[in-house]
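# For reference, the sequence and a predicted model appear below.
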Amino acid sequence: MTTSIAHELNQPLAAIVTSGHACQRWMEQDPPQLDKARQALQRILGDADRASGIIARVRKLSKGEPASTRPFVFNAAVREVLALSHAEMQRLDIAMRADLAPGLPLALADPVQVQQVIANLVLNAMEATALVDIARRTILVESLQQADKLVFRISDGGPGLPAGAQEQVFEPFWTTKHEGIGVGLSISRSIVEANGGHIWAEPHAPGGAVFTFSVPVAPGEGEA
């Protein structure tokens, strides 16, 4: 549990540090770039809220409470995470494209948990993509509906997964990263399955990896 908490909190805390340094640089310019500094501060507040949400969720898990499922706008949750990742993608020279299907029905899941899964998959894609030449540093994020499920898919141009690793990557403490501890995808699978969905990995031709997860559509909610 301690390892899981440390891993999940590391993402928003690292983003806060990155945005804090960016804000400092914008303020030190002559004249100060106040609009850019305000944007960095907004990212800091967003990541601080995300860290607070993670702690609240861990408290619920420690008490055995179920996920706080409710209808929410799936694409809005995706866009919020992508906005928080924008500065880091720019720093790493990663070209990100979002192809989010319009008019999706509401999702039925715990939005904080779903955003944590999205954030973990986006972070993994960025770290993988940063290992290849700049020309291949691309990430595609998609949302779509398949029957009674909403689907999030992220494809990267990184080195890809080792042969036969599609299932192993979701096992606890199994990792392809030199400094990884192998709990992020295991946590993500637990979250997705607890919310009535499924998560899986596939190779991405001509190189890279594709990670996909689904969550249920809220019954009778119509389109958002």
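On my side now, so go ahead.

# now the helix ranked longest in the chain, how far from the centre of its chain.
Ranked by residue count under DSSP state H, the longest helix found in the chain is helix 34-62. Here helix 34-62 is found 14 Å from its chain centre; the criterion is C-alpha atoms, centre = their mean, to the nearest Å.

# which other helices and strands contact it?
Counting contacts by 3 or more C-beta pairs under 8 Å, 6 or more residues apart in numbering; DSSP states H and E, helix 34-62 is packed against helix 2-28, helix 74-91, helix 111-129. For the C-beta atoms, the positions are set from N, CA and C on the backbone; glycine is no exception.

# quick one: the helix or strand following that helix to chain centroid distance?
Using DSSP states H and E, the helix or strand that follows helix 34-62 in sequence is strand 70-72. Distance of strand 70-72 from its chain centroid, counting by C-alpha atoms, centre = their mean, is 18 Å.

# quick one: contacts of strand 70-72?
Residues outside strand 70-72 that contact it (C-beta atoms under 8 Å, 6 or more residues apart in numbering): 106, 107, 108, 109, 110, 111, 114, 218, 221.

# distance of the residue most central in space within the chain from residue 19?
With distances taken as C-alpha atoms, centre = their mean, the chain has residue 119 as the residue nearest its mean C-alpha position (1.7 Å). From residue 119 across to residue 19, the span is 14 Å (C-beta to C-beta, to the nearest Å).

# Likewise for residue 124?
Between residue 124 and residue 19 the computed distance is 20 Å (C-beta to C-beta).

# List the buried residues in stretch 152-161.
Using 16 or more other C-beta atoms under 10 Å as the burial criterion, the residues of stretch 152-161 that qualify are 152, 153, 154, 155, 156, 157, 158, 160, 161.
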